[in-house]
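[1] Mind folding the following:
(one chain, ligands or ions: 1)
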Amino acid sequence: MTTEKSSRFLILYASQTGNAEWISKNIHQEASERGFANECHVMEELDEFDLSKENVLILVTSNTGDGDPPDNATKFFRFLRKIKSKTFLSHLKFTILGLGDTNYTNFNNTAKRLEKRMIELGAAPFYDKGLADDAMGLETTVDPWIANLWPELAKVCVQKRKDNDFQDKNLIESIKTLSVNGKSENNEKSLPIETPNGQLVDKKMNIVNGTKIVLDLSELAKAQQLTALPRIPTVICKIIKSNEKRTINSSTPSFLMNTPTPIVNARLEAVRCLTHPEALKRTIHLELDIKDFQEKLEFIPGDSFGIIAPNSEKLSLEILKTLGIDENEINQEISIESVEGTELPSHLKNAKSTSIKELLQYGVDLTSLPRKALLRLMAEYTADEEEKKTLLFLCSKQGTTQFIRLREQVPTLLDLLVTFPSCKPPLERLLDVLPSQQPRYYSIVNSPLVNRDLLQFAFNIVDYKTPDPYNTRKYGVCTPWLDNLSGYVKERNERIPLTTKINIPIFMKPNPHGFAVPADISRPIIMIGPGTGVAPFVGFIQHREQQIIVERKLNNIEKIFGEMWLFYGCRDIEKDYLYREELERFLEHGILKELLVAVSRAPNAGLNGNPKYVQDLLRKRGQEIYELLDQKNAIIFVCGDAQGMAKSVNDALADILVDHGKIKKSDALKLLVQWMNDKRYLRDLWS
Ligand SMILES: Cc1cc2nc3c(=O)[nH]c(=O)nc-3n(C[C@H](O)[C@H](O)[C@H](O)COP(=O)(O)O)c2cc1C
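    Coordinates of the predicted model:
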């Protein structure tokens, strides 16, 4: 009954990199158009809402770290945790949309935890939660979840207009424009990306600096109608020009993403290549001079730091050229404002006194997988009917497979623009949909007990080919930039001091989970870190070595230090064994009790019981690992790839508990979760 319905609802979101923010604001906008009174806030703005006065709540949250809430959810989680009354939210109906990634073991952990807590506090779900997967494309779950939300919402919330009255003009127009029926007036014209047999038919492929996207449009030719198109993104951003020319001479842009700690410009001090020239991946070790910022940049091994890296200048300029933006305009001072009644995306709120070039390099992400909303927006500014149709097809239900194909090719914004050459969206409109540029995080390699003036870190240069049959070369954003700044060193193990003054904008990100050398020195430490995952452990071992030296100086030789075991993995022992000299020295000096190395491309790896990966080594030493865990209260640390390694290591640990602790596998897996909560099994993962 209408009288029992709530007069409005509230949306709360928590977002680390902008997706949940984007989706929430879209729900807010569409709900308003559908006649639902509603407000939308980020969870941390506790002063902006009052749950005791709300009756209907929509929660949207992503994850960071190892299934952790985004930073801007922390206060809200704390708030919910402190509530004692089990009926505190019994007046509230809610639903939840989680944005996660199945590459991580703790898939959508935050949404699951939040749902559990809401129910514990008496709130009742009015619509099943949605758990979207970035690995598959968020839209696959998010779009139908939102489409089905409206009728459920109408049952609990007053809707001032009937849903039938709500007509998505954009959607209807698109269908009209299309009326595809297999025939098109432009049938004669060659499609830029038509690939009937998976081969490119357009010979003019070599467009400078952009790669045409390969697609099969046979489904489009068959389609009668295109359905489930996203709405045309709301007009939000306005570029306000001032006539002043800006000269950008510092490495810190004038506006920046919100960072958890202050940004400083650290000087690039030295570079060292950690891999052989023939290694499959090149790994670089860099050192930053931070002695002028020691107060701001306190750290311990296990912490990481963020680098503010720009998009490639060449890519940014090429995009501006493709959009037809005059070269004289790109360094002019501009500010970004929102059109009346809208709110700027949070990453553009401080974009004042900047320039178009700076905005493209530092403000927006030009290389991450495109959202359907971008394609939908591009379609609106595409003159050529065939290209427009293709863009609409790609974001429709009928184009799902080709949208996945498009994402497999990891297109940049430039690739999209060269694939659809008649598409000329105004830059302002692109700002409405492009995600924010993200800082890149790296684990600190060194212990401050050895050197407080330096910050050392290691990374693989991101340079790869997209899968068959595309085989297009792709580069990362930050690592090629750092590689360029440090002179593309290729010879292994030579520390090269850098004399040119190069500043890198950085900020600290202390590890929030106690991923650090334990205060209790007697606890054994089991470290598992293949590849660059070894980085924080070099710092752990250095730290321990210094602790031992200090204790010896104080003549506390009787102090018992827990054993340190390191499980390391590489492909080829001669080519990519990172920090080999250091690690072998630690072993020789007895700081490391065991240094176990799995060499995955060794001729006998994986044969006759020979280990191939770290998880095989763990199983092989299962009895001893079990004893360390069972009798000596050892702590396990895992660092590296979330996708394959962390899952396999978790499985190996569970098997060890089964084999040596004589418990069931399901109980072993539960015990590992318990250890994670108790912080005796800590992971620092990336995908
Ligand atoms: C560093 C990092 C860690 C992540 N950890 C998890 C995780 O543990 N579980 C999960 O389901 N998703 C995880 N994700 C995936 C995010 O939840 C997903 O990409 C989401 O779309 C991000 O939304 P946002 O932009 O609103 O933060 C992680 C993503 C990143 C970048």
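[2] burial count for the residue of the chain with the smallest separation from the ligand?
    Closest approach between the chain and the ligand, counting by C-beta to the nearest ligand atom: residue 100, at 2.4 Å. For glycine as for every other residue, the C-beta is placed from the backbone atoms N, C-alpha and C. Neighbours of residue 100 under the rule other C-beta atoms under 10 Å: 24.
[3] From residue 134, how far off is it?
    Per C-beta to C-beta, to the nearest Å, residue 100 is found 7 Å from residue 134.
[4] thinking again about what came up before, state the phi and psi torsions of the residue of the chain closest to the ligand.
    Main-chain dihedrals, residue 100, degrees, to the nearest 10: phi -140, psi -160.
[5] In this structure it contacts residue 113, no?
    No. In this structure, residue 100 is not within contact of residue 113 by C-beta atoms under 8 Å, at 11.8 Å.
[6] show me what contacts the residue of the chain closest to the ligand?
    For residue 100, the contacting residues are 62, 63, 107, 108, 109, 110, 111, 131, 132, 133, 134, by C-beta atoms under 8 Å, 6 or more residues apart in numbering.
[7] Mind checking which of these are in strands?
    Here DSSP state E is the test, and the contacts of residue 100 give 131, 132, 133 as lying in strands.
[8] ok, now which ones touch the closest residue to residue 635 other than its chain neighbours?
    Nearest residue to residue 635 in three dimensions, chain neighbours excluded: residue 680, at 5.0 Å (C-beta to C-beta, 6 or more residues apart in numbering). By C-beta under 8 Å, 6+ apart, residue 680 lies in contact with 633, 634, 635, 636.
[9] Just the buried residues from the residues you listed, in PyMOL please.
    In PyMOL, a selection of the buried entries from the contacts of residue 680 looks like this (16 or more other C-beta atoms under 10 Å):
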select buried, resi 634+635+636
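[10] Adding secondary structure, write the contacts of residue 680 out as TSV.
    Conversion of the contacts of residue 680 to TSV gives the following (DSSP: H, G, I helix; E, B strand; the rest coil):
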residue	secondary structure
633	coil
634	coil
635	strand
636	strand
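[11] which one of the contacts of residue 680 is nearest residue 531?
    Proximity of the contacts of residue 680 to residue 531 (C-beta to C-beta) peaks at residue 636, which lies at 17.9 Å.
[12] what about stretch 463-480 and the ligand, touching?
    No. Stretch 463-480 is not in contact with the ligand by C-beta under 6 Å from any ligand atom; minimum separation 13.7 Å.
[13] quick one: buried residues of that stretch?
    Buried residues in stretch 463-480 (16+ other C-beta under 10 Å): 466, 472, 474, 475, 476, 477, 478, 479, 480.
[14] Alpha carbons of it, as CSV, please.
    In CSV, the C-alpha atoms belonging to stretch 463-480 read as follows (Å, rounded to 0.1, in the frame of the first residue of the first chain):
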residue,chain,number,x,y,z
ASP,A,463,54.9,-4.6,-22.0
TYR,A,464,52.9,-7.5,-23.5
LYS,A,465,50.9,-8.7,-26.4
THR,A,466,47.1,-9.1,-26.4
PRO,A,467,46.1,-12.8,-26.9
ASP,A,468,45.8,-14.5,-30.3
PRO,A,469,44.6,-13.6,-32.9
TYR,A,470,45.0,-9.9,-32.0
ASN,A,471,48.7,-9.9,-30.9
THR,A,472,48.8,-6.1,-30.4
ARG,A,473,51.6,-4.8,-28.3
LYS,A,474,50.5,-3.0,-25.1
TYR,A,475,52.3,-1.0,-22.5
GLY,A,476,51.6,-0.1,-19.0
VAL,A,477,51.4,3.5,-17.8
CYS,A,478,53.7,3.8,-14.9
THR,A,479,56.4,1.2,-15.5
PRO,A,480,57.4,2.3,-19.1
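[15] Now find how far off-centre that stretch is within its chain.
    Put simply, stretch 463-480 sits 17 Å off its chain's centre (C-alpha atoms, centre = their mean, to the nearest Å).
[16] Give me the average confidence score over that stretch.
    Average pLDDT, stretch 463-480: 95.
[17] what does that stretch contact?
    Contact with stretch 463-480 is made by 198, 211, 214, 282, 284, 307, 309-312, 367, 408-410, 440, 459-462, as judged by C-beta under 8 Å, 6+ apart.
[18] Whichever of the residues you listed end up buried, select them in ChimeraX.
    With 16+ other C-beta under 10 Å as the criterion, this ChimeraX line picks the buried residues out of the contacts of stretch 463-480:
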select :211,214,282,284,307,309,310,311,312,367,409,410,440,459,460,461
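[19] out of the contacts of stretch 463-480, which are inside strands?
    Per DSSP E, those map to strands at 284, 307, 440, 459, 460.
[20] which among these gets closest to residue 340?
    Looking at the ones in strands among the contacts of stretch 463-480 and their distance to residue 340, the nearest is residue 440, at 35.9 Å (C-beta to C-beta).
[21] picking that back up, for the residue of the chain closest to the ligand, which residues make a bridge with it?
    residue 133 (DSSP bridges).
[22] which stretches of the protein aren't confidently modelled?
    Residue ranges of the chain with pLDDT under 70: 1-3, 162-208, 244-252, 254-257, 557.
[23] near the ligand, which residues of it show up?
    Applying C-beta under 6 Å from any ligand atom, we find that the chain lies next to the ligand at 15-20, 62-67, 70, 99-101, 104, 106-109, 134, 138, 686.
[24] Please list the members of those that lie in helices.
    Applying DSSP state H to those, the entries found in helices are 19, 20, 109.
[25] Tell me who's in contact with the last one.
    This points to residue 109. Per C-beta under 8 Å, 6+ apart, neighbours of residue 109: 63, 67, 68, 100.
[26] Just flag the most distant two among the residues you listed.
    The distance between the two most remote of these (C-beta to C-beta) is 11.6 Å, for 68 and 100.
[27] got any residues that touch both of these two?
    Here residue 68 and residue 100 share the contacting residues 109, 110, scored by C-beta under 8 Å, 6+ apart.
[28] where does residue 602 land in three-state SS?
    Residue 602 ends up coil, using three-state DSSP.
[29] Hmm, residue 574 and it touching each other?
    No. Counting by C-beta under 8 Å, residue 602 stays clear of residue 574, with 10.2 Å between them.
[30] Switch the contacts of residue 109 over to TSV; also include distance to residue 588.
    Converted to TSV, those look like this (distance: C-beta to C-beta, whole Å):
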residue	distance to residue 588
63	41
67	38
68	38
100	44
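[31] where do the helices sit along the stretch 101-250 of the chain?
    Under the criterion DSSP state H, counting those that start in this stretch, helices of the stretch 101-250 of the chain are mapped to 109-120, 139-156, 169-178, 218-222.
[32] Alpha carbons of the last one, as CSV, please.
    These are the backbone C-alpha positions of helix 218-222, laid out as CSV (Å, rounded to 0.1, in the frame of the first residue of the first chain):
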residue,chain,number,x,y,z
SER,A,218,27.8,-10.8,-38.3
GLU,A,219,25.5,-10.7,-35.2
LEU,A,220,24.8,-7.0,-35.9
ALA,A,221,23.8,-7.8,-39.4
LYS,A,222,21.3,-10.3,-38.1
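[33] how far is that helix from where the chain is centred?
    34 Å.
[34] Show me what it is packed against.
    helix 385-394, helix 400-408 (3 or more C-beta pairs under 8 Å, 6 or more residues apart in numbering; DSSP states H and E).
[35] May I see the buried residues of the last one?
    If you call a residue buried by 16+ other C-beta under 10 Å, then helix 400-408 has these buried ones: 400, 402, 403, 405, 406.
[36] Run through the bridge partners of the residue nearest to the second one when sequence neighbours are not counted.
    So the one you mean is residue 402. Once flanking residues are discounted, residue 402 sits nearest to residue 215: 5.2 Å by C-beta to C-beta, 6+ apart. Note on residue 215: beta-bridge partners residue 194, judged by DSSP bridges.
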